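Asker: Below are the sequence and a predicted model; questions follow.
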Amino acid sequence: MAYNLLKGKRGIITGALDPNSIAWKVAEKVFEEGGRFVLTNAPLAMRMGKINELAAACQAEIVPADATSVEELTNLFEKSTEILGGKIDFILHSIGMSPNIRKSKPYEDLNYDWFLKTLDISALSLHKMLHVADKTDSLNEGGSVVALSYIAAQRVFPDYTDMAQAKATLESIARSFGQVLGLKKRIRVNTISQSPTMTTAGQGIDGFDAFFSYADKMSPLGNAPAEACADYCVSLFSDLTRHVTMQNLMHDGGFSSVGISQHIVDALTPKS
Ligand SMILES: NC(=O)c1ccc[n+]([C@@H]2O[C@H](COP(=O)([O-])OP(=O)(O)OC[C@H]3O[C@@H](n4cnc5c(N)ncnc54)[C@H](O)[C@@H]3O)[C@@H](O)[C@H]2O)c1
């Protein structure tokens, strides 16, 4: 059921690669709620993905941009305000990639050039987006920015390697920019720390199926699916959350507050 929560709002949604992408679900929900937006992704990913189908379904235009390039981001904001006919009210940052994870490098033997790439793509890209948005004065008063994070920013998970540092940096950038943009224009900047979700990025991590089912068995509500994450994003883009900013918001079915669940106790208790 839709409530028109985003009627009249204009946005930019990054990271929709295929129908499993969290950003894909966010785009669908935002469209249902009356929001209009530009879709963007890295030029290479756009050729591999199915973003054109999403654009047609949501009556959205696509502006390619590598989120590590200030020049391409400047073009993204210029084109988006032109296409949408005004300043931007909401941004979804849904971007993550680690060459070290792709190439299965163990944490104690990271390639440092790739480490820098991980940080640039997955964390600094949020800083670059907000820097460009601020410099070009592309954001509306009272706008809202959401970036997607993971609890590996606070706790250690095997095989998440340098993405853990990227997520910690991403959350820190959201806080620091939240202060700047809150003071300037009452713009909110938050991160959502999402449950493991079956997407291309998620499934690229070794042992992901185990992460997924362990988190599911630990969480009283089970893992939060991508559709529920999209609902949460809609609420944060809406005017109903005008005073929520600089937060890392757990969207994990309760996982982060559980020490051990009965499911896990049962699974580890020897059967007599
Ligand atoms: N899937 C999970 O378990 C999970 C859990 C918590 C948080 N997240 C986060 O959610 C976000 C979205 O990931 P997803 O799981 O939907 O996977 P996904 O693979 O569908 O999305 C990742 C997106 O990042 C884009 N991207 C990569 N490099 C880019 C660049 N240089 N410029 C612009 N875009 C680039 C990809 O093209 C892709 O669309 C990521 O930040 C991810 O870390 C995912």
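Answerer: Received the coordinates, thanks.
Asker: for stretch 65-72, which positions count as buried?
Answerer: Going by neighbour count (16 or more other CB atoms under 10 Å), the buried part of stretch 65-72 is 65-69, 72. Bear in mind the C-beta positions are built from the backbone N, C-alpha and C, glycine included.
Asker: residues contacting M48?
Answerer: Contacts for M48 (CB atoms under 8 Å, 6 or more residues apart in numbering) come out as L17.
Asker: buried stuff in the longest strand along the chain?
Answerer: In the chain, assigned by DSSP state E, the strand with the most residues is strand 139-149. By neighbour count on 16+ other CB under 10 Å, the buried set for strand 139-149 is 139-140, 143-149.
Asker: any residue of the helix or strand following that strand up close to the ligand?
Answerer: Downstream of strand 139-149, the first helix or strand assigned by DSSP states H and E is helix 161-185. No. Applying CB under 6 Å from any ligand atom, one finds helix 161-185 out of contact with the ligand, separated by at least 6.7 Å.
Asker: Can you get me the centre-to-centre distance for helix 161-185 and its chain?
Answerer: 12 Å (CA atoms, centre = their mean, to the nearest Å).
Asker: that older thread, and the two most separated of the buried residues of strand 139-149?
Answerer: N140 and S149 (24.2 Å; CB to CB).
Asker: hang on, the earlier thing: closest one of the buried residues of strand 139-149 to the ligand?
Answerer: Proximity of these to the ligand (CB to the nearest ligand atom) peaks at L148, which lies at 3.5 Å.
Asker: where does the stretch 1-150 of the chain have low pLDDT?
Answerer: For the stretch 1-150 of the chain, no stretch is flagged by pLDDT under 70.
Asker: Can you name the residues of this protein that neighbour the ligand?
Answerer: So the chain meets the ligand at 14-15, 17, 21-23, 41-42, 45, 66-68, 94-97, 121, 148-150, 194, 196-197, 199-202 (CB under 6 Å from any ligand atom).
Asker: rerun at 5 Å
Answerer: Within the chain, the positions near the ligand by CB under 5 Å from any ligand atom are 15, 17, 21-22, 41-42, 45, 66-67, 94-97, 121, 148, 150, 194, 196-197, 199-202.
Asker: Pull out the buried residues from those residues.
Answerer: Buried, going by 16+ other CB under 10 Å: 15, 17, 21-22, 41-42, 45, 66-67, 94-97, 121, 148, 150, 194, 196-197, 199, 201-202, out of the residues of the chain next to the ligand.
Asker: rewinding a little: as a markdown table, the buried residues of strand 139-149 with distance to H263 would be great.
Answerer: A markdown table is the format used below for the buried residues of strand 139-149 (distance: CB to CB, whole Å):
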| residue | distance to H263 |
| --- | --- |
| L139 | 44 |
| N140 | 45 |
| G143 | 41 |
| S144 | 36 |
| V145 | 36 |
| V146 | 31 |
| A147 | 31 |
| L148 | 26 |
| S149 | 25 |
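Asker: nearest to M246, of those residues?
Answerer: V145 (10.9 Å).
Asker: wait, that closest one sits on V189?
Answerer: Yes. Counting by CB atoms under 8 Å, V189 is a contact partner of V145 at 4.6 Å.
Asker: Next, show the common contact partners of those two.
Answerer: 130, 174, 177, 181.
Asker: mind listing the helices in this structure by residue range?
Answerer: Shown for the chain, the helices assigned by DSSP state H span residues 22-32, 43-48, 51-57, 70-84, 99-102, 112-119, 125-135, 161-185, 200-203, 208-218, 226-237, 262-268.
Asker: out of the ones you listed, deepest packed?
Answerer: Burial of the helices of the chain is given as mean neighbour count (mean count of other CB atoms under 10 Å); helix 22-32 ranks first at a mean of 24.
Asker: Between helix 226-237 and that helix, find me the angle.
Answerer: 60 degrees (axes from the mean of the first three to the mean of the last three CA atoms, to 10 degrees).
Asker: Can you name every helix or strand that helix 22-32 contacts?
Answerer: strand 10-14, strand 36-40, helix 51-57, strand 88-93, helix 226-237 (3 or more CB pairs under 8 Å, 6 or more residues apart in numbering; DSSP states H and E).
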